[in-house]
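*Asks:* quick one, fold the following:
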Amino acid sequence: MIQKINNMLNISNKNKVLFSSLEKYSSIKSLSTRPHYKILNRIIVVVSIFGIIFLFLPWTQNISGTGAVTTLKPNQRPQTIQTVISGRIEKWYVQEGDFVKKGDTILFISEIKEEYFDPNLVKNTKNQVDAKKQTVSSYDSKVITLSSQIRAIEQERVLKLEQARNKITQSILKVKSDSMDLVAVRTQVRIANIQFNRSVELNKEGLKPLTDVEDKRLKLQEVDAKLITQENKFLTSKNEFINAKVEIGRITAEYSEKSSKAQSDQFTALSNKYDSEAQVNKLENQFVNYKIRNGFYYIKAPQNGYLNRALQSGIGETVKEGTAIVSIMPSNYEIAVETFVDPIDLPLINKGEKVRVWFDGWPTIVFSGWPDMSYGTFGGRIVAIETFISDNGKYRVLVAPDPEEIRWPKQLSIGAGAQSIALLNNVPVWFEIWRTLSGFPPNYYKPTDKKTKDKK
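*Replies:* Model (predicted):
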C-alpha cells in the first residue's frame, strides 16, 4: 500500500530517512534516555492548561484617567480675594500662612480718586439728604395750603353765584313790578286824555268852564310826565336784570381764574415736591454708596481659611478694582478628585458609577482588571460629568468618596496628583485581549438602577 502511494506521488525510497539508523550514535541514545524532556513536556502541558483557564477568567473592563485632588463644592476650593475699589495699599494685618476667620481684616487701602477725597463726604451727603427732605416737607405744606385755598375759592364762588342769582330774581320781580306800574300809568294817560277831550267838548257847549279844561290839561301833562318816568324806571329795571346776568358770567370767570391759578400753583408745588423726592432718593443712594465704599477700604476674609500667597506686596502700591490681592484656602472642605477621560470613553461614563482612585506618593499596587486584588486604592463615585471638552482635549469627571468604602487619607492636599479607573462590564480575559489587539473601545452599557417599590 505504501509502495503504491509512493508510486502515485513519485516518491523514491532512496530519499527516505531511516530513523532506526540514527540509534547507532551515542548522542542520540543519550538524548532519548534523558527524563528532563518529559518533565518539560508536562510543564508545557500544565502551563497551557492554566493559560487556557486564564483566558476564561473574568476581567473587569475599565476606563483609566489622570487628574488631581480638588474639593467637592466650588466654594471650598482655593480662591483669590479681589479689591472692589481702586486704592493704595496702606497696611497689612496678616502674613502668608496665617489662619483667618470670616470677617478678619487682611489689609487696609486708602482712596486715590479725587471725588472721594473729602473725609466728611458721608456726613455732608447726609446733611444734603436732610435738607432735601425738609424741602419736600415744605412743598407738602404748600400743597395742603393751596388745597385749602382752592376749597375756600370754591365756597366763595358758590356764595357769589347764589347772591347773583338772588339779584337776578329780584331784578325779574322789579321788572314785573315796573311793567305793571307802566301799564297802570298808561291807563291813567288814556283816562286823562278822555277826560281832557270831554272837558273841551263840554266847554264848547258851555257846560263846563275854561278852568275845568285847564285843570284837565294840567292833569294830562302830569300823567304824561309820570308815564315817561315809569318807562325810564322800567328800562332801568331791565338793565339791572341784564347786569345781574352779566354778573353771573363775570363771577364764574373770575373765580375760575382764581381756582385755576391756585391749582396751577398746587401742581407746581407737587412737581417741585416730586423733583425734590427724586433728588432725595438720588442723594440717599449716594449716601449709602459712600457709606458702603468706606467699608471697602478694609479688605476682609470671606470665610475661614489659610492665606496661601500674597499676590500684591509692599506699602503704597496702587491697585485697580478687581485686582487679586491674596489667595486663600478654606479650612473646611470636602475632598474629591477631578479626572480626565478621552472623548471616546465619555459615553461609557455615567453618574453614580463606582471608581477606583489612587494618589501620587501613596503606596499602591494596582490590578486594573481585578480591582478587588488591588492594594492602596480607594473607592469613589462619579458625581459630575463635564459636557464640554477641556483645554487638554479630554472631558472632566468629578469623583467623590464612596461612603460604602474606607475613608480617603486625611494627609491628601489639594492639587496632589491622582489616577482613576472607572469599572465597567465583566468580560473574559480572551475577549479583553482580542478587544485590545483590535483597537475596539470597551463594551457600551447602561447601569441598571434597582429601585424598590412599596407594596400597597
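
*Asks:* which residues touch stretch 396-403?
*Replies:* With Cβ atoms under 8 Å, 6 or more residues apart in numbering as the test, stretch 396-403 has contacts from 65, 67, 70, 72, 334-341, 349, 354-355, 357, 378-386, 390, 407-408, 420, 422. C-betas here are computed from N, CA, C, even on glycine.

*Asks:* oh sorry, the question was meant for stretch 314-327
*Replies:* Against stretch 314-327 from outside (Cβ under 8 Å, 6+ apart): 78-92, 106-107, 109, 112, 299, 307-312.

*Asks:* from those, list the buried ones, please.
*Replies:* Among the contacts of stretch 314-327, those classed as buried by 16 or more other Cβ atoms under 10 Å are 78-79, 81, 83, 85-87, 89, 92, 106-107, 109, 299, 307-308, 310, 312.

*Asks:* just for the stretch 251-400 of the chain, where's the confidence low?
*Replies:* 361-376 (pLDDT under 70).

*Asks:* so where do the strands sit in the protein?
*Replies:* Taking DSSP state E, the strands of the chain run over residues 58-71, 79-82, 87-92, 99-100, 105-110, 298-300, 305-310, 318-319, 324-330, 335-341, 354-359, 378-385, 395-401, 417-428.

*Asks:* including distance to residue 207, could those go into CSV?
*Replies:* CSV is the format used below for the strands of the chain (distance: least, Cβ to Cβ, whole Å):
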stretch, distance to residue 207
strand 58-71, 149
strand 79-82, 138
strand 87-92, 135
strand 99-100, 146
strand 105-110, 136
strand 298-300, 136
strand 305-310, 147
strand 318-319, 139
strand 324-330, 143
strand 335-341, 152
strand 354-359, 158
strand 378-385, 147
strand 395-401, 150
strand 417-428, 159
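
*Asks:* related to what we said a few turns ago, are any of the contacts of stretch 396-403 buried, and which?
*Replies:* Buried among these (16+ other Cβ under 10 Å): 65, 67, 70, 72, 335-341, 349, 354-355, 357, 378-382, 408, 420, 422.

*Asks:* low-confidence ranges in the stretch 1-150 of the chain?
*Replies:* 1-38, 57, 59-62.

*Asks:* mind running it again at 80?
*Replies:* Low-confidence segments of the stretch 1-150 of the chain (pLDDT under 80): 1-42, 45, 51-64.

*Asks:* care to break the protein down by domain?
*Replies:* Taking automatic domain parsing as the reference, the chain has its domains at 2-48, 61-76+332-438, 79-111+297-329, 121-283.

*Asks:* run through the helices of the protein in chain order.
*Replies:* Taking DSSP state H as the criterion, the chain carries its helices at 2-9, 26-33, 36-55, 121-204, 210-295, 429-438.

*Asks:* to residue 394, which of these lies closest?
*Replies:* helix 429-438 (20.2 Å; Cβ to Cβ).

*Asks:* farthest from the middle of this protein: give me that residue.
*Replies:* Distance from the C-alpha centroid of the chain peaks at residue 206, with 125.4 Å (Cα atoms, centre = their mean).

*Asks:* which ones are touching residue 192?
*Replies:* By Cβ under 8 Å, 6+ apart, the neighbours of residue 192 are 216, 219, 220, 222, 223, 224.
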